[in-house]
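Undergrad: task: produce atomic coordinates for the following.
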Amino acid sequence: MYRRRRSVFDVIREIEEEIEKDIERFLTELRYDEWAGQCLQPLHDLRETEEEYVLSVDMPGVRKEEIDLKVSEYGLSIYAPIRYGVRVSRGYERTAQCYRLIVELPEPVDADSVTGVYRNGILEVKMRKKGAGKRIPIE
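TA: Model (predicted):
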């Protein structure tokens, strides 16, 4: 049985294919980083009570129908598209395309009990702690 030897051209072709894959991967990551860089992280405050976490997020200029809120046991993510421009100096304006916030929680929450209310540019999310029960006074 005759086995064909790889030529220099075969090796070069393989190297070219690997380089093209690496470039494509790099450009995909670069596009994602550029897109993510146009998002603002909104100001937020996380308060804790005995039974729940309450997250307040400043998100002016958002329509409540466009807010994407996802919750898991240990965290939540918020995404909302916006068109926001701030004049930094004469002839230069900084724009943003979205709000994006990821919050990790110190304790698990019951994802089914999460509620959100958006009023006057502020989103308030209430998350009941998992296993939070009624406090019983001791006599």
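Undergrad: can you give me the strands in this structure?
TA: Counting by DSSP state E, the chain has these strands, from start to end: 39-40, 44-48, 52-58, 68-72, 75-89, 92-104, 115-119, 122-128.
Undergrad: ok, residue 82 - how many residues close by?
TA: Around residue 82 sit 19 other residues, with neighbours defined as other CB atoms under 10 Å. For every residue, glycine as well, the C-beta is placed using N, CA and C.
Undergrad: what residues are up against it?
TA: Contacts here follow CB atoms under 8 Å, 6 or more residues apart in numbering; on that basis residue 82 touches 40, 61-62, 96-99.
Undergrad: ok, so of those residues, who is nearest residue 8?
TA: Comparing the contacts of residue 82 against residue 8 with CB to CB places residue 97 closest, at 48.0 Å.
Undergrad: one step back: let's have the strands of the chain in JSON lines, adding mean pLDDT.
TA: Written out in JSON lines, the entries for these read as follows (pLDDT from 0 to 100):
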{"stretch": "strand 39-40", "mean pLDDT": "81"}
{"stretch": "strand 44-48", "mean pLDDT": "95"}
{"stretch": "strand 52-58", "mean pLDDT": "94"}
{"stretch": "strand 68-72", "mean pLDDT": "90"}
{"stretch": "strand 75-89", "mean pLDDT": "77"}
{"stretch": "strand 92-104", "mean pLDDT": "80"}
{"stretch": "strand 115-119", "mean pLDDT": "94"}
{"stretch": "strand 122-128", "mean pLDDT": "94"}
